[in-house]
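Peer 1: using only what follows, build the 3D model:
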Amino acid sequence: MDEKEEVKVESPAGPRKPSFGLALIPLISMALLLGIGYGIYRIKAQVLLVAAAFITACLGAYLRYTWKDMEAGIVESIKKALPAILIMLAVGVLVATWIASGTIPMIIYYGLKLISPKYFLVTACLVCSLTSLACGTSWGTIGTLGVAFIGIALGLGIPLGPAAGAIVAGAYFGDKMSPLSDIPNLAAVTAGSNLFDHIKHMFWSGTPAWLAGLVIYFFMGLRYGGRDFDREKIQQITSTLEKNFNFNLLLLIPILIVFYYAFTKKPTIPGMLISSGVAVALAVIFQKASLVQVAQAVNSGYSASTGLEAVDRLISRGGLMSMMETQLVAFTAFSFGGIMQKTGMLAVILEKIMKFADRVWSLVLTTIGTTILAALITGSSYLSMIIPAELLSDAYRKKGLAAKNLSRIIEESGGIIVPLIPWSMAGVYITGTLSVPTFSYLLYAFSNYFAVIILAIFGFTGFTMAKKIRDDETQPGS
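Peer 2: Modelled structure (predicted):
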């Protein structure tokens, strides 16, 4: 019997483990792309993120990963975010219908009625908080009511630094606590938490910081208060709103529906859609709007033509299309993160980070530091939240901590700190709109940075650091 020769067939080499230096290349590339492209040339963030994802994919190919492997990583990353992305679309519908029904205009109207001449700083912060909470837009609030308050401050002789600080603090507090805003929505999406659980969790840090700011504004304002001022600008806004919308207590029903679904931990999207449906009916009944007009607002956003530019800028928003750019940023960022995760580069970086972040307090401090660094590099509220969330979400899962801890920290340390950075888009916008330099108001936006200090204390004490209770944390009650 002839002996058969054994033929050894070498199997193709599998993927290689990346070194720490190689794993850092995508992050350094992203920092340079965003710092120069976005920070200097104002190129759209999503374009730069595609470039960063391409560089990461090239490194993945060098590590012998196939495109099919990396594509699977992208799909898996985006798949995890889809429930929250659907909520963002529902928010666009909600904002448009609430404006069309008169719900948001009515809240703005009565918010402005709270103005007290004697306590300017407290009033400015309160009214901007209420307006931004109702509208879900810090920029819209600052660009309309903020401008009016700065004019009032000039007439009263109140220093513009404290006045602008109170406006910014109020506008961003309302923004971060509003389910209508893109900032909390994006924080929840990137961290993998539920929107309403995330907002409720922020009450522990955001509300004490806001109340502490109000106390300081109260005592600061006593030296400026007691004088009457010209209410013409505010009266113009309120009279224009009253002339263009019919107000009724029933217009609060859409808000009550959303709150009911949030506090009873029922599914978020059905509650938002039911609220929007009720708002459509109220728009037809009270505002005499046609279904065609409301449908156009749902798609493209509510377009106001009240005759007063300040009011038009404030309430011309919402709609499905208003969420598209935010979602593009999210999709491209998740593509970058998906490749980082699939190729093992993210794991290598996390392994180094976790050597320091071996306890809850050090993980919290690492998150705060990473988020603030991303904010300083990118100057973007969105990217300052997306980057640390992509890097650290696994670390929170390994520690058994709920995703809403991460989403709270990245929003308070990123999205709310960005307006205090002079070269950020928010800082440039606020300075240009209010004609007050960032360095003049940043110290007076107390609640913006008090919340970061409170979060650091929570990290050291473990207070309010919620434990993970289920795998899918996009569900209510997580």
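Peer 1: can you report how many residues lie near residue 17?
Peer 2: Applying other C-beta atoms under 10 Å, we find 12 residues neighbouring residue 17. The C-beta positions use only the backbone N, C-alpha and C, and glycine is treated the same way.
Peer 1: show me what contacts the residue positioned nearest the centre of the chain?
Peer 2: With distances taken as C-alpha atoms, centre = their mean, the residue of the chain nearest its centroid is residue 183 (1.1 Å). Shown in contact with residue 183 (C-beta atoms under 8 Å, 6 or more residues apart in numbering): 138, 175-176, 381, 385, 411, 415-416.
Peer 1: where in the stretch 151-300 of the chain is pLDDT low?
Peer 2: Along the stretch 151-300 of the chain, segments meeting pLDDT under 70 span 155-156, 225-231, 262-263, 265.
Peer 1: strands of that one, residue ranges please.
Peer 2: Read by DSSP state E, counting those that start in this stretch, the stretch 151-300 of the chain holds no strands at all.
Peer 1: which parts of it are helices?
Peer 2: For the stretch 151-300 of the chain, the helices defined by DSSP state H, counting those that start in this stretch occupy 160-177, 182-191, 195-221, 232-244, 253-263, 268-286, 291-300.
Peer 1: make a markdown table out of these and add distance to residue 371.
Peer 2: What follows is those, written out as a markdown table (distance: least, C-beta to C-beta, whole Å):
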| stretch | distance to residue 371 |
| --- | --- |
| helix 160-177 | 14 |
| helix 182-191 | 10 |
| helix 195-221 | 14 |
| helix 232-244 | 35 |
| helix 253-263 | 26 |
| helix 268-286 | 25 |
| helix 291-300 | 33 |
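Peer 1: quick check: which of these is nearest to residue 151?
Peer 2: helix 232-244 (5.8 Å; C-beta to C-beta).
Peer 1: ok, residue 67 to residue 58 distance?
Peer 2: Distance, residue 67 to residue 58, by C-beta to C-beta, to the nearest Å: 11 Å.
Peer 1: biggest helix in this protein by residues?
Peer 2: Looking across the chain with DSSP state H, the single longest helix is helix 67-101.
Peer 1: in space, what's closest to residue 22 - neighbours in sequence excluded?
Peer 2: Residue nearest to residue 22 in three dimensions, not counting chain neighbours: residue 59, with 6.4 Å by C-beta to C-beta, 6 or more residues apart in numbering.
Peer 1: how many residues are close by the one you found?
Peer 2: 20.
Peer 1: now swap in the one 5 residues further on and tell me
Peer 2: Other residues lying near residue 64 total 13 when counted by other C-beta under 10 Å.
Peer 1: and if you look at residue 203?
Peer 2: Using other C-beta under 10 Å, the number of residues around residue 203 comes to 13.
Peer 1: identify the residues contacting it.
Peer 2: Contacts of residue 203 (C-beta under 8 Å, 6+ apart): residue 177.
Peer 1: hang on, the earlier thing: mind picking the two most distant members of the contacts of residue 183?
Peer 2: Pairwise distances across those peak at 14.7 Å for 138 and 385 (criterion: C-beta to C-beta).
Peer 1: confirm that residue 318 sits in a strand.
Peer 2: No. Judged by DSSP: H, G, I helix; E, B strand; the rest coil, residue 318 forms no part of a strand; its state is coil.
Peer 1: so it touches residue 303, yeah?
Peer 2: No. Look at residue 318 against residue 303 with C-beta atoms under 8 Å: they stay out of range, at 9.9 Å.
Peer 1: overlap in contacts, these two.
Peer 2: Going by C-beta under 8 Å, 6+ apart, residues that sit against residue 318 and also against residue 303 are residue 297.
Peer 1: more neighbours: which of the two?
Peer 2: Between residue 318 and residue 303, residue 318 has the larger neighbour count (other C-beta under 10 Å), namely 29 against 16.
Peer 1: for the more buried one, give me the pLDDT.
Peer 2: pLDDT recorded at residue 318 is 83.
Peer 1: ok, now residue 392?
Peer 2: 89.
Peer 1: okay, and it sits in which element?
Peer 2: helix 381-398 (DSSP states H and E).
Peer 1: quick one: contacts for residue 216?
Peer 2: By C-beta under 8 Å, 6+ apart, the neighbours of residue 216 are residue 446.
Peer 1: from residue 439, how far off is it?
Peer 2: 19 Å.
Peer 1: check residue 477 too.
Peer 2: In terms of C-beta to C-beta, residue 477 sits 43 Å off from residue 439.
Peer 1: residue 27 too?
Peer 2: To residue 439, residue 27 is 29 Å away according to C-beta to C-beta.
Peer 1: looking at these two, which is more packed in?
Peer 2: residue 27 (20 against 12).
Peer 1: quick check, that one in contact with residue 349.
Peer 2: Yes. Taking contacts as C-beta under 8 Å, residue 27 lies within contact range of residue 349: 7.3 Å.
Peer 1: now residue 401: phi and psi?
Peer 2: According to degrees, to the nearest 10, the main-chain angles of residue 401 amount to phi -100, psi 140.
Peer 1: check contacts around residue 67.
Peer 2: With the criterion set at C-beta under 8 Å, 6+ apart, residue 67 makes contact with 57, 61.
Peer 1: next: residue 352.
Peer 2: residue 20.
Peer 1: so it, which of the three states?
Peer 2: Relying on three-state DSSP, one would call residue 352 helix.
Peer 1: give me the pLDDT for it.
Peer 2: On the pLDDT scale, residue 352 gets 82.
Peer 1: quick one: residue 405 and residue 202 touch, right?
Peer 2: No. Using C-beta under 8 Å, residue 405 makes no contact with residue 202, being 10.6 Å away.
Peer 1: for residue 17, what are its contacts?
Peer 2: 63, 344, 348.
Peer 1: can you check residue 362 too?
Peer 2: residue 356.
Peer 1: which helix or which strand is home to it?
Peer 2: Residue-wise, residue 362 maps onto helix 360-378 under DSSP H and E.
Peer 1: which of the residues in the helix or strand where residue 23 lies are buried?
Peer 2: Secondary structure from DSSP H and E places residue 23 in helix 20-32. Across helix 20-32, burial judged by 16 or more other C-beta atoms under 10 Å covers 22-27, 29-31.
Peer 1: need the residues that contact it.
Peer 2: So helix 20-32 is contacted by 48-49, 51-52, 55-56, 59, 63, 336, 340, 344-346, 348-349, 352, 377-378, 387 (C-beta under 8 Å, 6+ apart).
Peer 1: can you turn the buried part of the residues you listed into a PyMOL selection?
Peer 2: Selecting only the buried entries of the contacts of helix 20-32 in PyMOL, with 16+ other C-beta under 10 Å as the criterion:
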select buried, resi 48+49+51+52+55+56+59+63+336+340+344+345+346+348+349+377+378+387
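Peer 1: of the contacts of helix 20-32, which belong to helices?
Peer 2: Counting by DSSP H, these place 48-49, 51-52, 55-56, 59, 336, 340, 345-346, 348-349, 352, 377-378, 387 in helices.
Peer 1: residue 205 reaches residue 458, doesn't it?
Peer 2: Yes. Residue 205 lies in contact with residue 458 (C-beta under 8 Å); the separation is 6.9 Å.
Peer 1: neighbour count winner among the two?
Peer 2: residue 205 (24 against 20).
Peer 1: using PDB, write out every CA atom in stretch 105-116.
Peer 2: What follows is stretch 105-116, C-alpha atoms only, in PDB (Å, rounded to 0.1, in the frame of the first residue of the first chain):
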ATOM      1  CA  PRO A 105     -46.700  79.900  22.200                       C
ATOM      2  CA  MET A 106     -49.000  79.900  25.200                       C
ATOM      3  CA  ILE A 107     -46.200  78.700  27.600                       C
ATOM      4  CA  ILE A 108     -43.900  81.500  26.200                       C
ATOM      5  CA  TYR A 109     -46.700  84.100  26.600                       C
ATOM      6  CA  TYR A 110     -47.400  83.300  30.300                       C
ATOM      7  CA  GLY A 111     -43.700  82.800  30.900                       C
ATOM      8  CA  LEU A 112     -43.100  86.400  29.800                       C
ATOM      9  CA  LYS A 113     -45.800  87.600  32.200                       C
ATOM     10  CA  LEU A 114     -43.600  86.500  35.100                       C
ATOM     11  CA  ILE A 115     -41.100  89.300  34.500                       C
ATOM     12  CA  SER A 116     -40.500  91.400  37.600                       C
END
